[in-house]
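*Asks:* turn this into a model:
(one chain, ligands or ions: 1)
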Amino acid sequence: MEKTFYITTPIYYVNDIPHIGHAYTTIACDTIARYKRMKGYDVHFLTGTDEHGQKIQTAAQAQGITPQQLVDKIHMNFKDLWRVLNISNDDFIRTTEDRHIRVVQAMFKKLMDKGDIYKGTYSGYYCVPDETYVPENAIIERDGKKLCPDCGRELTIMEEESYFFRGSKYVPELIKYYEENVKSVMPRVRYNEIMSFLKGGVRDQSVSRTSLKWGIPVPGDEKHVIYVWFDALINYATAVGYLDDPEMFAKYWPNVRHMVGKDIIRFHCVIWPLMLLALGLPLPVEVVAHGWWTVDGEKMSKTRKNVVDPVKMVRDYGLDPFRYFLLREVPFGNDGDFSELALVGRINSDLANDLGNLLNRTLQMIKSYRNNIVPSCDASSELSEMAEKTLSRVDEAMNNFTYDEALKAIWEFISRANKFIDETMPWKLAKDESQSAKLDFVLLNLYEALRLSALLIAPTMPDTAKRIFTQLGLDAEPLTMNYDSFRWGDGAGTTTRKAEVLFPRIDIEEWKKAREAKKEEAAMKPEGLPEIAIDDFAKVEMRVARITKCEEIPRSKKLYKLEVDLGYEKRTVCSGIKAFFTPEELVGKTVILVTNLKPVKLCGVDSNGMILAASVKHDGVAEQLTLLTPDDKNIPLGSRVS
Ligand code: MSP
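*Replies:* Predicted coordinates:
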């Protein structure tokens with residue numbers, strides 16, 4: 001039978017900007033996809049975006065656009081990021097696509113026809129931002145308020161007519177499956193969590209909403225939309241042709257693996273398998289859960305302003321070091337802490353020092369001692385034995401999704417090769433003609449160690465593997481090669497190319513200085529408002545005007561009543577600039593007036609417009625102020641500012 005491997009990322013909500021959490025899941029999936037391709041598997045790698053539900057509807061409302069406009073715009077952020085991160089996905093699914101909507105409705109109908117979806121009334125505590133009802137026993141009570149255990153926000157009571165999925169019926173079957181397939185939820189701690197959850201009892205799930213519009217309609221009952229998680233989970237089946245391509249489905253579905261963050265395992269290890277059992281479909285081979293990233297020891301959040309932008313990391317440190325760091329730094333499954341200092345440390349030690357030096361030293365020696373030609377001889381050695389072991393250690397680690405273990409095994413091999421240079425001292429051998437065969441043996445072994453290392457790092461660092469291959473004089477694309485056809489010694493006779501620095505060392509002291517300077521700059525930068533579209537700006541009408549009168553307003557300490565001339569009309573405007581000017585200073589000044597502001601009454605005076613000024617404020621109080629005025633005072637009054 002053909003070896004297939006179907007790997008999926010969660011589909012990402014499009015109400016958020018992509019950050020390292022999203023990058024991490026996707027890079028982990030990309031790496032296993034590339035690895036399995038190099039092991040000869042027919043791989044299908046899926047990612048995509050979750051585009052329905054309350055969160056999206058709310059985000060769209062806040063921006064004054066339709067949900068469809070929002071998802072059409074924002075899903076591109078993810079597509080663009082995957083390009084930057086060199087992600088090799090075979091498909092990108094969006095839940096608003098027709099191919100998906102049809103599958104969701106077909107599955108919903110199938111379960112309705114079977115009696116596994118039925119109508120009832122749902123009432124419960126609901127977390128609006130998380131779009132989920134919270135079970136009574138999980139609610140957090142504080143100061144008389146009921147709070148969401150996940151996000152800490154206040155819950156609201158909701159009651160609505162709802163369709164329910166009879167998941168409870170399949171729980172015993174699922175428990176039995178997990179008892180027989182202990183590796184189907186990884187790592188073990190998550191398996192235990194799921195088992196105890198299942199054994200605690202699972203209620204039927206509410207799978208439709210009447211309180212929301214932005215979703216897939218329930219077939220035959222359009223006032224309901226299908227609950228976003230029921231819709232989202234199905235994406236994995238849609239994408240491999242559940243409805244449209246039975247052949248493809250039969251090929252990939254039996255080997256599906258879902259990679260998820262630990263926060264969403266109940267959906268993937270309870271709800272989804274129960275849905276699959278009801279539909280009569282095979283269960284995922286594995287659901288693999290990774291931990292969460294914090295940043296410099298703190299939870300990542302917009303309010304803390306510590307959200308790590310993957311694009312910035314790539315720009316500052318390069319793509320492959322970033323990919324390497326994410327997978328190497330934390331034992332897969334554990335939570336991890338992201339720190340740029342740790343990233344710089346790994347670049348200097350693992351990449352520049354260990355790998356970079358091995359390449360550089362080896363190529364220099366092959367050039368000096370053998371005129372760039374890799375010698376031929378029997379290359380069986382301690383290194384070749386270790387190479388065999390490394391290949392199988394890496395394979396075992398990758399099969400367990402323990403990326404850090406795989407990389408550790410590769411770096412132990414690289415370190416061994418560096419030590420091999422120190423032990424054999426080729427520079428001494430080169431001086432002694434009688435040691436020529438030994439020198440051949442050493443150089444070929446080192447070359448092979450590099451050729452294998454490049455292949456082994458290729459899934460994690462595709463570009464670096466290619467760069468090493470180029471310097472080694474190999475034109476093949478490492479990623480298209482197969483690990484099982486690697487033979488130690490095959491590199492003999494190759495002509496190597498010029499050695500070039502793989503990863504420049506970063507001077508830590510300089511780096512720290514630059515970081516401090518950046519921090520200072522950031523502290524000076526004003527908070528700023530959210531981005532607006534040019535159309536929003538175009539809604540503001542500003543024109544050149546001249547102040548023709550200025551009067552005090554008896555009731556006000558701050559305001560002047562001004563008369564301004566727009567050329568085509570005169571208006572009364574109240575302006576809070578009394579503290580900065582005398583009336584004599586103001587009369588005759590040419591200013592810029594916002595002309596289409598809704599009129600307001602201020603201290604009993606109708607004010608019809610606003611004069612623009614720049615100010616320095618302290619604790620919200622202006623300390624210094626100057627009026628905006630056109631450079632050329634002869635520009636006609638009434639001229640539009642845009
Ligand atoms: N749309 C759902 C998934 C539906 S799958 C059928 C969702 N989306 S999400 O965009 O909120 O999260 C997607 C993934 O990003 C999750 O696996 C989540 O664990 C991961 N991460 C989000 N923040 C993270 C960190 N700070 N660290 C690591 N991963 C985190 O949930």
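
*Asks:* what's the closest non-adjacent residue to the residue of the stretch 251-400 of the chain found nearest the ligand?
*Replies:* Nearest to the ligand, among the residues of the stretch 251-400 of the chain, is Gly261, at 1.6 Å (Cβ to the nearest ligand atom). C-beta here means a position set from N, CA and C on the backbone, and glycine is covered the same way. Of all residues not flanking Gly261 in the chain, His290 sits nearest, at 6.0 Å (Cβ to Cβ, 6 or more residues apart in numbering).

*Asks:* could you pull up the residues touching the one you found?
*Replies:* 24-25, 28, 259-262, 332-333 (Cβ atoms under 8 Å, 6 or more residues apart in numbering).

*Asks:* please save the CA atoms from stretch 628-642 in CSV.
*Replies:* Provided in CSV are the C-alpha atoms of stretch 628-642 (Å, rounded to 0.1, in the frame of the first residue of the first chain):
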residue,chain,number,x,y,z
LEU,A,628,-1.8,75.2,12.0
THR,A,629,-1.6,77.8,9.2
PRO,A,630,-0.9,77.4,5.5
ASP,A,631,2.6,78.1,4.3
ASP,A,632,1.3,80.6,1.7
LYS,A,633,-1.1,83.1,3.4
ASN,A,634,-2.4,84.2,0.0
ILE,A,635,-4.1,80.9,-0.8
PRO,A,636,-7.8,81.7,-1.2
LEU,A,637,-10.0,81.3,1.9
GLY,A,638,-12.1,78.1,1.5
SER,A,639,-9.4,76.1,-0.2
ARG,A,640,-9.7,72.4,0.6
VAL,A,641,-7.0,70.7,2.7
SER,A,642,-6.5,67.1,1.7
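
*Asks:* and that stretch, which residues are buried?
*Replies:* 637, 639, 641 (16 or more other Cβ atoms under 10 Å).

*Asks:* so the last one makes contact with Ala545?
*Replies:* In other words, Val641. No - the criterion here is Cβ atoms under 8 Å, and Val641 misses it with Ala545 at 10.3 Å.

*Asks:* for stretch 355-371, give me every contacting residue.
*Replies:* By Cβ under 8 Å, 6+ apart, stretch 355-371 touches 372-374, 411, 414, 417-418, 421, 426-427, 430, 439-440, 443, 446-447, 449-450, 453, 457, 468, 471-472, 496-499, 501-503.

*Asks:* how far is it from where the chain is centred?
*Replies:* 38 Å (Cα atoms, centre = their mean, to the nearest Å).

*Asks:* again with stretch 301-309
*Replies:* With Cα atoms, centre = their mean as the basis, stretch 301-309 stands 13 Å off its chain's centre.

*Asks:* circling back: angles on the backbone of the residue nearest to Gly261, please.
*Replies:* phi -100, psi 170 (degrees, to the nearest 10).

*Asks:* tell me the pLDDT at it?
*Replies:* Reading off the confidence values, His290 has pLDDT 96.

*Asks:* check Val256 too.
*Replies:* 98.

*Asks:* give me the low-pLDDT residue ranges for this protein?
*Replies:* Along the chain, the model assigns pLDDT under 70 to residues 1-2, 131.

*Asks:* residues of it that sit close to the ligand?
*Replies:* Residues of the chain found near the ligand (Cβ under 6 Å from any ligand atom) are 10-13, 16, 21-22, 24-25, 50, 232-233, 260-261, 263-264, 292-293, 300.

*Asks:* derive a PyMOL selection command for the buried subset of those residues.
*Replies:* The following PyMOL line selects those of the residues of the chain next to the ligand that are buried, judged by 16+ other Cβ under 10 Å:
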select buried, resi 10+11+12+13+16+21+22+24+25+50+232+233+260+261+264+292+293+300
